[in-house]
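In: sequence below, structure please.
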Amino acid sequence: EEKYDEAEINFKKVLKESRVVPTMARRLGVDVPDDLRHDAHDIMAGGPGVRGTRVLIADDDALNRQYLEAVLAQYGVQVSACADGAQAVRLGRNIRFDAIFLDARMPVCSGEEAARQLRDAGANTDAPIIALTASALDDDRRRLAAAGFDECLIKPAPIARLLAHIGRPRRMPAPSGTDDADNQSDIDVSPIAPSALAQDLRAYRTTLRDATLNAEQMYELAHRTHGAAAIGRLKALAQAAGDLEAAARVAHAEAMALARKSLLDELDKNINALDSRPRQHVQQ
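Out: As a prediction, the model looks like this:
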């Protein structure tokens, strides 16, 4: 009995820190105190702290924007979306948002530069600003934190981590050594239609076949593919894209050639799987 009581206390502590949905706790036989139940309801069920709030999303990838809009709409969040950092700055200078989510790599104005400008002046100098990226090394996280981001989330970001920032005071940036295992999506099925995902993957495959791509272009393409694979829950494809990202980052020709071939093979397999199951999401 003593061991059970201790385990229950520890589990309640985890609930408080991670804001787990109360129904999950009840299934495990743990009674959630009223204060935790109210807080978790606000976050995960679109309660007073979330429903009706307004957020800004900036991402040059339409698939990523569609994914975030679909997820947040389920919780009553109003979304303004744009395709580059410059548009995000223009909107953020004049309109107050309860949270701002910026893709770290965008054309015209990167998410990093956009965050700096939003922190410098306008209506959102103290708003939560979250970086979204397909992958991030410790150096990347430190650089993003210095630019003014409150946290760096790996795509597709966990729902709880997205909602936890909306309408709440700024929080200190996460430590640079944050484990990506704690930063993975808690969504079992992607809200993105397989046909839309396959369309994006075909475009990436076509570009990747271009023999004239340099290391920088290959890194950008691998990064985009990595993000799409993560949203579609395509683990093997995400791994292959990550391998090419790593090789292109250091411009290692032999490693890039091998990783490129592997990624093309994975793209072929996943596109065929998506096309053959138009009403299902591919699971690996």
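In: what segments of this structure are strands?
Out: With DSSP state E, the ranges of strands along the chain come out as 54-58, 78-82, 99-103, 129-133, 151-154.
In: where in the stretch 1-150 of the chain is pLDDT low?
Out: Across the stretch 1-150 of the chain, the ranges flagged by pLDDT under 70 are 1-49, 136.
In: all helices of the stretch 51-200 of the chain, in order?
Out: Counting by DSSP state H, counting those that start in this stretch, the stretch 51-200 of the chain has helices at residues 62-73, 85-94, 111-120, 138-147, 159-165, 194-208.
In: ok, which of the ones you listed comes nearest Ile130?
Out: The closest of these to Ile130 is helix 159-165. By CB to CB, the value is 5.7 Å. No exception for glycine: its C-beta is placed from N, CA and C like everyone else's.
In: picking up where we left off before, format the strands of the chain as CSV; extra columns: mean neighbour count and distance to Leu234.
Out: Formatted as CSV, those follow (neighbours: other CB atoms under 10 Å; distance: least, CB to CB, whole Å):
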stretch, mean neighbour count, distance to Leu234
strand 54-58, 23, 22
strand 78-82, 17, 24
strand 99-103, 28, 19
strand 129-133, 26, 17
strand 151-154, 23, 15
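In: format these as CSV; extra columns: distance to Arg116.
Out: Below are the strands of the chain laid out as CSV (distance: least, CB to CB, whole Å):
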stretch, distance to Arg116
strand 54-58, 14
strand 78-82, 17
strand 99-103, 11
strand 129-133, 10
strand 151-154, 15
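In: for Ala247, which of those strands is the nearest?
Out: Proximity to Ala247 (CB to CB) singles out strand 129-133 among the strands of the chain, at 17.9 Å.
In: hmm, who's touching the closest one?
Out: Residues outside strand 129-133 that contact it (CB atoms under 8 Å, 6 or more residues apart in numbering) are 59, 64, 99-105, 111-112, 115, 118-119, 140, 144, 148-155, 157, 162, 165, 223, 227.
In: how long is stretch 149-162 from one end to the other?
Out: 14 Å (CA to CA, to the nearest Å).
In: which parts of it are buried?
Out: Across stretch 149-162, burial judged by 16 or more other CB atoms under 10 Å covers 149-159, 161-162.
In: returning to what we had before: would you reformat the helices of the stretch 51-200 of the chain as CSV and include distance to Tyr219?
Out: Compiled in CSV, the helices of the stretch 51-200 of the chain are given as follows (distance: least, CB to CB, whole Å):
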stretch, distance to Tyr219
helix 62-73, 17
helix 85-94, 19
helix 111-120, 16
helix 138-147, 12
helix 159-165, 26
helix 194-208, 12
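In: relative to Leu267, which of those helices is closest?
Out: helix 194-208 (4.4 Å).
In: between helix 62-73 and that closest one, find me the angle.
Out: Per axes from the mean of the first three to the mean of the last three CA atoms, to 10 degrees, the angle that helix 194-208 makes with helix 62-73 is 150 degrees.
In: let me see the mean pLDDT of helix 194-208.
Out: Average pLDDT, helix 194-208: 87.
In: how far does that helix sit from the chain's center?
Out: 19 Å (CA atoms, centre = their mean, to the nearest Å).
In: same check on stretch 241-252?
Out: Relative to its chain's centre, stretch 241-252 lies at 20 Å (CA atoms, centre = their mean).
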